[in-house]
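Colleague: Below are the sequence and a predicted model; questions follow.
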Amino acid sequence: KRRHKHSDELEKKIQNHLTDSMKPPGADGDIWELFAEEGEMKIYRKELVEDGLICDPLKAVHSIGNVTAREMCHYFWDTDVRMEWEGTIESFRVIEVPEEFTTIIYQTHRRVWPSAQRDCLYLSSMVKVDNPPSVGDKIPHDTWIVCNFSVDHPEANPVSGCVRALIEIALICQTFITPPKDGGPITRDCLQCDIIYVANVNPGGWAPASVLRSIYKREYPKFLRRFTAYVQDKTRKLDI
Ligand SMILES: CCCc1ccc(-c2ccc(S(=O)(=O)CCO)cc2)cc1[C@H]1C[C@H]1c1ccccn1
C-alpha cells in the first residue's frame, strides 16, 4: 500500500477532494462568491485570512467538448509541456519521481512587486479514480484527478530570497460520452469533459491583501482559459 514516503498522505488528500471538492459550490452550506464567469467556466472564491496571510480558497467549474478527462489531467500533470501553458512560473525542476505518474517539483513564480518572490515545492500525482461519486444524474465514463500538494525535500536547493508558498491544488476531470443518434462510431464530437479545479495557496509570508487578491482575480481566469484552450488545441484532429 505504502508505495513511497507520501503515499498515505496522497491517498487521504485524493479521498478528501472526491468527497469535498466535487460538491457543487454552496452544497456544503459554505458561501462561495462567484467572481468570474465566461460561458461554462465559473470561478468562485472565499475570503480566508490565516495568521494574517491571505489564503482565499478558489474553486472553478468548467465543461469543455472534444477532450477526455485523461487528456486534461495528462497535460496538466506532464512537466514536459508545463511551460507551454503555465504563465506565472519563472522556472521549475523535477526533483524526484517517486513512482510513475508521481513527481516532486520545485518551482519559482514570477515576482509580483512589492512582495518577495515565491517558490513552491510540491508532489504532483495523476490518478484514475475507480469508484467516483456521480454528481447529479449523469454517469461519467471515467474520472481522473491530479493532486498537487506541498511537501519537504532535502534536494530542493531553493533560490535564495524566495518565500515558500504552500499549495493544496486538485484538478478533477470527468468524461461524458453521448453516442451519435445514428448508432455511428463515437468521435471526439461525442465527448464532454467536466472540470473542477480547486486551489488553496498560502503565500507563506506577508504580502499586501490588495496585491494578492488582484493577482488571483487576474491569474486564475487567465490560467483556466489558457490551459483548457491548450488541451483542446493539442487534441484537435490534425487538419489534413
Ligand atoms: C503569493 C502566491 C504566489 C503563488 C504561489 C503558487 C501558485 C500556484 C502554484 C501551483 C499551481 S498549479 O495549479 O498546481 C499549476 C502548476 O504550477 C497554481 C498556482 C500561484 C501563485 C500566484 C502567482 C499567482 C497565481 C495565481 C493563480 C494562478 C497562477 N498564479
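Modeller: Ah, there it is. All figures in this text were calculated on a predicted structure; none of them were measured in a lab.

Colleague: how about the nearest residue to the residue most central in space within the chain, chain neighbours excluded?
Modeller: Centrality entry for the chain: nearest residue to the mean C-alpha point is L171, 3.7 Å, by CA atoms, centre = their mean. In space, and not counting its chain neighbours, L171 is closest to V146: 4.6 Å by CB to CB, 6 or more residues apart in numbering. C-beta: built from backbone N, CA, C; applies to glycine.

Colleague: Who are the contact partners of E40?
Modeller: By CB atoms under 8 Å, 6 or more residues apart in numbering, the residues touching E40 are H62, S63, I64.

Colleague: in the sheet, who's paired with A199?
Modeller: Beta bridges link A199 to L58, I169, judged by DSSP bridges.

Colleague: Next, the contact list for it, please.
Modeller: With contact set as CB under 8 Å, 6+ apart, A199 has these partners: P57, L58, I167, E168, I169, Y220.

Colleague: Which pair of those spans the longest distance?
Modeller: E168 and Y220 (14.9 Å; CB to CB).

Colleague: Buried subset of the contacts of E40 as a ChimeraX selection?
Modeller: Burial among these is assessed by 16 or more other CB atoms under 10 Å; the matching ChimeraX selection reads:
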select :62,64
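
Colleague: Could you tell me which of the contacts of E40 are located in strands?
Modeller: Within these, residues falling in strands by DSSP state E are H62, S63, I64.

Colleague: Bridging across strands, which residues link to the first one?
Modeller: Going back to what we said before, that points to H62. According to DSSP bridges, I195 are recorded as the beta-bridge partners of H62.

Colleague: Regarding the residue located most distally from the centre of the chain, what is its secondary structure?
Modeller: With distances taken as CA atoms, centre = their mean, the residue sitting farthest from the centre of the chain turns out to be D182, at 36.5 Å. The three-state label for D182, taken from DSSP: H, G, I helix; E, B strand; the rest coil, comes out as coil.

Colleague: any idea how far the ligand is from it?
Modeller: For D182, the distance to the ligand (CB to the nearest ligand atom, to the nearest Å) stands at 40 Å.

Colleague: for F76, same thing?
Modeller: To the ligand, F76 is 7 Å away according to CB to the nearest ligand atom.

Colleague: May I have the host helix or strand of that residue as CSV, with CA atoms only?
Modeller: When elements are assigned from DSSP states H and E, F76 belongs to helix 69-77. Extracted C-alpha coordinates of helix 69-77, given in CSV (Å, rounded to 0.1, in the frame of the first residue of the first chain):
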residue,chain,number,x,y,z
ALA,A,69,-10.7,13.6,-18.6
ARG,A,70,-7.5,11.6,-19.0
GLU,A,71,-6.2,14.1,-21.7
MET,A,72,-7.0,17.1,-19.5
CYS,A,73,-5.2,15.6,-16.5
HIS,A,74,-2.3,14.3,-18.5
TYR,A,75,-1.5,17.8,-20.0
PHE,A,76,-1.9,19.4,-16.5
TRP,A,77,0.4,16.8,-14.9
